[in-house]
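> my questions are about this predicted structure, shown below with the sequence.
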Amino acid sequence: MNTTTPAHDHIVKSYDEELKRLTGEIHRMGELAAAQLDAAMDALGKRDSRAAQRVVDNDDALDSHEREISQDVLRLLALRQPMARDLREILAALRIASDIERIGDYAANVAKRSMALNLAAPVPLAGGLGPLARMASRLVREVMRAYVARDAELAHAVWERDAELDALYTGLFRELLTYMMEDARSITACTHLLFIAKNIERIGDHATNIAENIWFVAHGEALTESRAKRDLTAE
């Protein structure tokens, strides 16, 4: 016997629609953050300071998205008083939006550093940033697909692949240090490149944070298994 009332059905449908809208907002925010990284790298490759400045200016849009999502989350918490998985969904949305905002900050930092690089002669090793940035961008887009689909296994795959990004970063870090030791004139430019590489590596870390939140929503528990960490630059 169906004991649900039309009013109850309406509330459930309304909540589902609000959650779907929130998911859409976060997905758009994630795509914007990935596009910001792509644009920053394009500006770096072309040594285009005006394009880099546009990336910096566009970071305000991500900040605005995060504020709107935070307001939506607070409203859902106040009006719906969710429990269990619904509560995990809403809290995860808040955390994921924060991670995306940080990804945007790092993309803007890449753009800022590229403008400083344009004041010096080109450094050959700058080309090594391309593979690193492309992988970071892929991780962000893949984890956002996992979020929209609520696909915990895809999120887990992204979580594991961050080790590949760490390995690329470590290799580039060592190359840049060697180049600096061999040619003292390159120290300033290579220092900017090291900061850019670290910003990109941190984008991967935030993608894994998002993956962990997706896993938590699906399973109700944190990812506790250990993952190989291949950023060896601190050793």
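Right, received. Where do you want to start?
> what mean pLDDT does the helix or strand harbouring D86 get?
Remark: D86 resides in helix 84-117, with elements defined by DSSP states H and E. For helix 84-117, the mean per-residue pLDDT is 94.
> same question, stretch 181-198
For stretch 181-198, the per-residue pLDDT averages 93.
> kindly spell out which helices and strands sit in contact with the lengthiest helix in the chain.
If each helix of the chain is counted by residues according to DSSP state H, the longest one is helix 6-46. In this structure, helix 6-46 packs against helix 49-80, helix 84-117, helix 129-149, helix 187-219, with contacts taken as 3 or more C-beta pairs under 8 Å, 6 or more residues apart in numbering; DSSP states H and E. (Glycine included, C-beta is placed from N, CA and C.)
> what angle sits between the longest one and helix 6-46?
Spelled out, that is helix 84-117. Interaxial angle of helix 84-117 relative to helix 6-46 (axes from the mean of the first three to the mean of the last three C-alpha atoms, to 10 degrees): 20 degrees.
> mind checking how far helix 84-117 is from the chain centre?
5 Å (C-alpha atoms, centre = their mean, to the nearest Å).
> angle of that helix against helix 49-80?
160 degrees.
> where does the protein dip in pLDDT?
Scanning the chain for pLDDT under 70 picks out 1-13, 226-235.
> please redo it, this time with the cut-off set to 80
Counting by pLDDT under 80, the ranges of the chain that qualify are 1-15, 79-83, 125-126, 224-235.
> adding distance to T178, write the helices and strands packed on helix 6-46 out as CSV.
Shown next, in CSV, are the helices and strands packed on helix 6-46 (distance: least, C-beta to C-beta, whole Å):
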stretch, distance to T178
helix 49-80, 27
helix 84-117, 19
helix 129-149, 16
helix 187-219, 10
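> between these, which gets nearest to Y169?
Closest to Y169 of the helices and strands packed on helix 6-46, according to C-beta to C-beta: helix 187-219, at 4.2 Å.
> flag every buried residue along the closest one.
189-190, 192-194, 196-218 (16 or more other C-beta atoms under 10 Å).
> please apply the same query to stretch 164-176.
Result for stretch 164-176 [16+ other C-beta under 10 Å]: buried residues 165-173, 175-176.
> in helices, which of those residues appear?
Using DSSP H, the buried residues of stretch 164-176 in helices are 165-173, 175-176.
> so which of those residues comes closest to Y15?
Nearest to Y15 among those, with distances taken as C-beta to C-beta, is L165, at 36.7 Å.
> look up the closest residue to the closest one, ignoring the ones flanking it.
G204 (4.0 Å; C-beta to C-beta, 6 or more residues apart in numbering).
> I'm done for today, thanks for sticking with me.
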